[in-house]
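Chemist: Let me see the structure of the following:
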Amino acid sequence: MLIGQEVTVLGAGIGGLAAAIALARRGASVEVLEQAAELGEVGAGIQISPNGARVLGALGLGPELSRIGLQAEAVELRDGLAGRTILRIGLAERGPEMRGWFLHRADLVGMLGAAAAAAGVRIRFGRRIEEVVLADDGPHLREAGAAPRRVALLVGADGIHSWLRVAMGGAAKPFFTGAIAWRATIPAGGAEPPVAEIHAGPRRHVVSYPLRGGSLRNIVAVETRTRWVEESWSLREDGLALRAGFADFGPRVRGWLDQAAEPWLWGLFRHPVAQRWGWVAPAAPTRGAVLIGDAAHPTLPFLAQGANMALEDGFVLARALADQDALDAALMVYEGARAPRCRRIVDASGRAARLYHLGPPVRDLAHLAIRAANALAPGLVARRYDWIHRHDATRQG
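Modeler: Next comes the predicted model:
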């Protein structure tokens with residue numbers, strides 16, 4: 001049903017652009033509405049795990065991913081205080097299909113934006129949405145300074161504050177998880193291997209990996225707190241607070257944090273997965289709306305799956321719409337394929353930080369158990385999340 005289908009995508013982020021590419025290549029006429037003035041140099045590092053890389057490969061972007069990204073060699077869990085390695089998972093030994101990528105978010109969005117334009121997608125910048133209404137005759141948009149207009153198929157890739165999710169009656173108040181995170185990129189010498197390091201300490205941890213050929217290093221530092229008032233990605237804080245929070249960590253981490261003069265700061269909130277992902281107009285069954293990415297399933301960052309789930313969503317949605325003759329059937333197929341997997345990932349992400357933030361004496365016992373398990377059954381720990389990373393949405397949904 002996609003040949004000639006008019007599709008409007010809200011948001012030119014990773015999920016919105018991936019969906020736009022997949023839809024356009026299957027014959028849809030796609031426009032993307034983005035409130036920013038351009039696809040600029042925004043954000044920090046991002047990990048594309050093997051499941052996300054398979055989607056990019058299926059979109060024909062594998063060679064460009066290899067050019068702009070660093071292929072991950074290993075993941076290391078380290079004692080943040082003592083600096084010693086607790087566990088190293090070599091990704092190359094697990095097979096070439098199990099190595100993910102480290103990228104700057106702006107590079108990934110730029111790659112997707114160029115591919116979308118090449119596929120004929122029309123990206124409209126500076127388009128701020130002020131309301132979405134789901135009427136009997138279809139979805140209606142109201143942009144700032146413009147009259148409301150009806151669209152045929154609306155894809156909500158507009159993030160955790162999604163206008164479409166609100167219109168579908170799915171808005172829910174998030175709750176503060178008790179953790180905050182700083183993020184920063186710092187200059188690097190380019191000599192270190194592409195390894196993701198997790199430095200764990202009591203009630204805190206730091207994740208770091210290189211970017212852009214090793215010229216930058218991405219840092220995410222998470223700390224448990226009791227209070228927080230705002231959910232935002234655009235708050236800055238003096239680096240003194242960050243350094244004070246990790247002052248007892250080893251010299252490697254302290255050296256990184258000394259270079260983070262004014263890191264970004266945000267509170268980590270837990271949102272429920274949307275109960276309803278698709279909608280069809282009662283009086284116009286060829287018109288409707290659907291949620292993808294964070295608009296449908298906001299997740300905590302501890303398994304690095306937010307962008308990867310959005311990539312999977314976009315590909316599966318396009319396939320469902322192309323394969324089904326009726327919109328309601330297509331949206332049911334899409335939600336049926338994606339909702340159980342995404343709920344499982346969101347739940348697993350919510351649990352993942354507990355291991356990193358353990359305090360003594362449980363912390364020491366847990367680290368000992370991890371080392372012992374890896375010695376007795378090499379690869380056992382690495383396989384814990386195979387259900388995420390071995391999944392192929394281009395084949396399975």
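Chemist: other SSEs contacting the helix or strand hosting Y334?
Modeler: Element membership of Y334 [criterion: DSSP states H and E] is helix 327-356. Packed against helix 327-356 by the contact rule (3 or more CB pairs under 8 Å, 6 or more residues apart in numbering; DSSP states H and E) you find strand 195-201, strand 204-211, strand 278-281, strand 284-291, helix 306-323, helix 386-389. In this view, the C-beta of every residue, glycine as well, is placed from N, C-alpha and C.
Chemist: Buried residues in it, which are they?
Modeler: Using 16 or more other CB atoms under 10 Å as the test for burial, helix 327-356 gives 327, 330-335, 337-339, 341-342, 345-346, 348-350, 352-353, 355-356.
Chemist: and what of stretch 147-159?
Modeler: Applying 16+ other CB under 10 Å to stretch 147-159 flags V151, A152, L153, L154, V155, G156, A157, D158, G159 as buried.
Chemist: Just the pLDDT for the fifth one.
Modeler: Read that as V155. Predicted confidence (pLDDT) for V155: 98.
Chemist: Hmm, it is touching A12, no?
Modeler: No. With contacts counted by CB atoms under 8 Å, V155 stays clear of A12, the gap being 11.6 Å.
Chemist: which SS state does A22 fall under?
Modeler: For A22, the assignment made with DSSP: H, G, I helix; E, B strand; the rest coil gives helix.
Chemist: Next up, the contacts around R225.
Modeler: G178, A179, I180 (CB atoms under 8 Å, 6 or more residues apart in numbering).
Chemist: Report pLDDT for it.
Modeler: R225 is assigned 78 on the pLDDT scale.
Chemist: What are the boundaries of the strands in the stretch 51-200 of the chain?
Modeler: Taking DSSP state E, counting those that start in this stretch as the criterion, the stretch 51-200 of the chain carries its strands at 70-71, 74-79, 85-90, 101-104, 122-124, 129-135, 138-143, 149-150, 153-156, 175-187, 195-201.
Chemist: Any chance of JSON lines for the helices and strands packed on helix 327-356, columns mean pLDDT?
Modeler: Formatted as JSON lines, the helices and strands packed on helix 327-356 follow (pLDDT from 0 to 100):
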{"stretch": "strand 195-201", "mean pLDDT": "94"}
{"stretch": "strand 204-211", "mean pLDDT": "96"}
{"stretch": "strand 278-281", "mean pLDDT": "98"}
{"stretch": "strand 284-291", "mean pLDDT": "97"}
{"stretch": "helix 306-323", "mean pLDDT": "97"}
{"stretch": "helix 386-389", "mean pLDDT": "95"}
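Chemist: For these, could you give me JSON lines that also reports distance to S66 and mean neighbour count?
Modeler: Converted to JSON lines, the helices and strands packed on helix 327-356 look like this (distance: least, CB to CB, whole Å; neighbours: other CB atoms under 10 Å):
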{"stretch": "strand 195-201", "distance to S66": "18", "mean neighbour count": "22"}
{"stretch": "strand 204-211", "distance to S66": "15", "mean neighbour count": "24"}
{"stretch": "strand 278-281", "distance to S66": "35", "mean neighbour count": "21"}
{"stretch": "strand 284-291", "distance to S66": "31", "mean neighbour count": "22"}
{"stretch": "helix 306-323", "distance to S66": "16", "mean neighbour count": "26"}
{"stretch": "helix 386-389", "distance to S66": "18", "mean neighbour count": "17"}
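Chemist: Ok, which of these comes nearest M98?
Modeler: Proximity to M98 (CB to CB) singles out helix 386-389 among the helices and strands packed on helix 327-356, at 6.2 Å.
Chemist: which residues touch that closest one?
Modeler: For helix 386-389, contacts defined as CB under 8 Å, 6+ apart pick out S49, P50, N51, M98, G100, L303, Q305, R344, I345, A348.
Chemist: Quick check: which of those has the minimum pLDDT.
Modeler: For the contacts of helix 386-389, the pLDDT minimum is M98, 88.
Chemist: re the thing from before, what subset of the contacts of R225 is buried?
Modeler: G178, A179, I180.
Chemist: which of those lies closest to V222?
Modeler: So of those, ranked by how close each gets to V222 (CB to CB), first place is A179, at 5.5 Å.
Chemist: Which of the helices or strands spans the nearest residue to that closest one once chain neighbours are set aside?
Modeler: Residue nearest to A179 in three dimensions, not counting chain neighbours: L268, with 4.6 Å by CB to CB, 6 or more residues apart in numbering. Following DSSP H and E, one finds L268 within strand 264-270.
Chemist: That strand pairs with which strands?
Modeler: According to DSSP bridges, strand 264-270 forms sheet pairs with strand 175-187 (antiparallel), strand 235-236 (antiparallel).
Chemist: show me what contacts G278?
Modeler: For G278, the contact set (CB under 8 Å, 6+ apart) comprises G288, A289, V290, L291, D328, L331, M332, Y334, E335.
Chemist: can you tell me how far the first one sits from M332?
Modeler: Counting by CB to CB, to the nearest Å, the gap between G288 and M332 amounts to 11 Å.
Chemist: just the fourth one next, same as before
Modeler: Distance, L291 to M332, using CB to CB: 14 Å.
Chemist: and the end-to-end length of stretch 88-106?
Modeler: Distance between the two ends of stretch 88-106: 29 Å, counting by CA to CA, to the nearest Å.
Chemist: That one: which residues count as buried?
Modeler: Using 16+ other CB under 10 Å as the test for burial, stretch 88-106 gives I89, L91, R94, M98, R99, G100, W101, F102, L103, H104, R105.
Chemist: Now do the first one against R252, distance only.
Modeler: According to CB to CB, I89 and R252 sit 19 Å apart.
Chemist: Point out where the stretch 101-250 of the chain drops to low pLDDT.
Modeler: Applying pLDDT under 70 to the stretch 101-250 of the chain picks out residues 227-236.
Chemist: residues near I14, how many?
Modeler: Neighbour count for I14, taken as other CB atoms under 10 Å: 26.
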